[in-house]
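*Asks:* Pasted the sequence and its predicted model underneath.
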Amino acid sequence: MTRDDTLAGVSSRIVDTDRLETHVLESGGQSESAETDGTVVLLHGNVSSSRFFEDLMANLPARYQAIVPDLRGYGDSERKPVDATNGLGDFAGDLQALLADLELEEPLTLVGWSNGGGVAMRYTIDNPDAVDSLVLINPLSPYGFGGTKDLEGTPCFDDYAGSGGGLGNDEFVAGLADRDRSEGGESSPRKILRTFYVNPTHNFDPEREESYLTGMLDTATGDEHYPGDATPSENWPGVAPGEHGVNNAISPKYCSLEAITEIDPDQKPPITWIRGASDQIVSNESLFDAGTLGKMGAMPDWPGTDVFPPQPMVGQTRAVLESYADAGGEFEEIVFANTGHTPHIEVPGEFLDRLERVLEE
């Protein structure tokens, strides 16, 4: 299904590959010469869609071609199951098939936000020659989400309990499934959007908020999608990852992205790491992490800091990127003050300026 409500300068279409019917937003590609000045592919995060990049696309200079797909199970793309045992491999494989079908000139700039940052890292590991520059926006830790205790990604338990599909918020998942647009409930999709996707002081344009909310509600839910299935565990908090669905795909049991440091030095793209200083989703004390919630008393019977501390997500990312630089690559960390999980929405001017610098270089 294509969209007829896109912003000016942004088009919508379905690209049918041998892996997935992928909905894609496109913009730009117009310059004084016959060729574009560069192509940028942007990947959205969990419980979101291409809608979260649409404003950026509309404001990106037309000489740059922008491609933004809806990942499988999100937006208007096909609802195929997610095999979590391959980590983020399903998403990276879908992207590879899409870009091959579009016949884009490589190498290109790859931008990944949140879980999309994990997909971007996985794609770069698998296809280093195809990526000229890598931009990570509040990215998933290279060691996955939940259940690890230190900068080396050591699991809290051997079965990776405390991560995966069993940690989903039932009220939030039900709200997505029911396409709840109300303003009530602490875990309603709209409340989560206003409280956690952005710094809570951020004020949305009402029309754009409705589009972002639609992008959240266009998430396939269930054991094969979001959040995924779970396995009982004798370890705290009583659940370990299953084998299906997106939250299991980002569990450290299956998601391992530190191999990005092992890319040949001649193939390592420069990495620009952009994050919001007040991000509550990906942080060293994420409010979506069992270790943080246990420490706060929000999850009972927490075994303590020695056993299950809050996951140091930002510290883990920095440690891996420093190893990346030590192994012949380069990275720059950019922090926006008073900004949450979506710098491209909260501080669009500053973010666009940084992205254009990457594209120009």
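*Replies:* Ah, there it is.
*Asks:* For the residue most central in space within the chain, give me its contacts.
*Replies:* The residue at the geometric middle of the chain, judged as the C-alpha nearest the mean C-alpha position with CA atoms, centre = their mean, is Asn115 (2.2 Å). Contact partners of Asn115, counting by CB atoms under 8 Å, 6 or more residues apart in numbering, are Gly45, Asn46, Leu88, Leu140, Val246, Ile250. From N, CA and C alone the C-beta is placed, and that goes for glycine too.
*Asks:* all helices of the stretch 151-300 of the chain, in order?
*Replies:* When assigned using DSSP state H, counting those that start in this stretch, the helices of the stretch 151-300 of the chain occupy the ranges 170-177, 189-192, 206-217, 246-249, 290-296.
*Asks:* The ones you listed: which one's closest to His344?
*Replies:* Closest approach to His344 among the helices of the stretch 151-300 of the chain is made by helix 206-217 (11.5 Å; CB to CB).
*Asks:* Just checking the distance from the closest one to the centre of its chain.
*Replies:* 17 Å (CA atoms, centre = their mean, to the nearest Å).
*Asks:* Same question for stretch 24-33.
*Replies:* In terms of CA atoms, centre = their mean, the centre of stretch 24-33 is set 24 Å apart from its chain centre.
*Asks:* any idea which of the helices of the stretch 151-300 of the chain is most buried?
*Replies:* Comparing the helices of the stretch 151-300 of the chain on average neighbours per residue, with mean count of other CB atoms under 10 Å, the densest one is helix 246-249 at a mean of 30.
*Asks:* How far away from the center of its chain is that helix?
*Replies:* Its chain's C-alpha centre lies 12 Å from the corresponding centre of helix 246-249 when counted by CA atoms, centre = their mean.
*Asks:* Mind giving me the packing neighbours of it?
*Replies:* The helices and strands touching helix 246-249, judged by 3 or more CB pairs under 8 Å, 6 or more residues apart in numbering; DSSP states H and E, are strand 226-227.
*Asks:* one step back: can I get the helices of the stretch 151-300 of the chain in CSV with distance to Asp264?
*Replies:* What follows is the helices of the stretch 151-300 of the chain, written out as CSV (distance: least, CB to CB, whole Å):
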stretch, distance to Asp264
helix 170-177, 41
helix 189-192, 41
helix 206-217, 37
helix 246-249, 27
helix 290-296, 35
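*Asks:* These: which one's closest to Glu330?
*Replies:* Of all these, it is helix 246-249 that lies closest to Glu330, at 28.6 Å by CB to CB.
*Asks:* what comes into contact with that closest one?
*Replies:* Contacts made with helix 246-249 from outside it, assessed by CB under 8 Å, 6+ apart, are listed as 46, 73, 82-84, 86-88, 90-91, 115, 145, 163-165, 167-168, 225-229, 241-242, 254-255.
*Asks:* Also stretch 160-168?
*Replies:* Stretch 160-168 is contacted by residues 84, 144-147, 156, 223, 226-231, 233, 235-242, 244-245, 247-248, 251-253, 290-291, 308 when judged by CB under 8 Å, 6+ apart.
*Asks:* rerun at 7 Å
*Replies:* Residues outside stretch 160-168 that contact it (CB atoms under 7 Å, 6 or more residues apart in numbering) are 144-147, 156, 227-230, 233, 235-237, 239-242, 245, 247-248, 251-253, 290, 308.
*Asks:* quick check, Tyr143 in a helix?
*Replies:* No. Residue assignment for Tyr143, taken from DSSP: H, G, I helix; E, B strand; the rest coil, gives coil, which places it outside any helix.
*Asks:* if we can go back for a sec, okay, the residue nearest to the centre of the chain: pLDDT?
*Replies:* For Asn115, the pLDDT comes out at 98.
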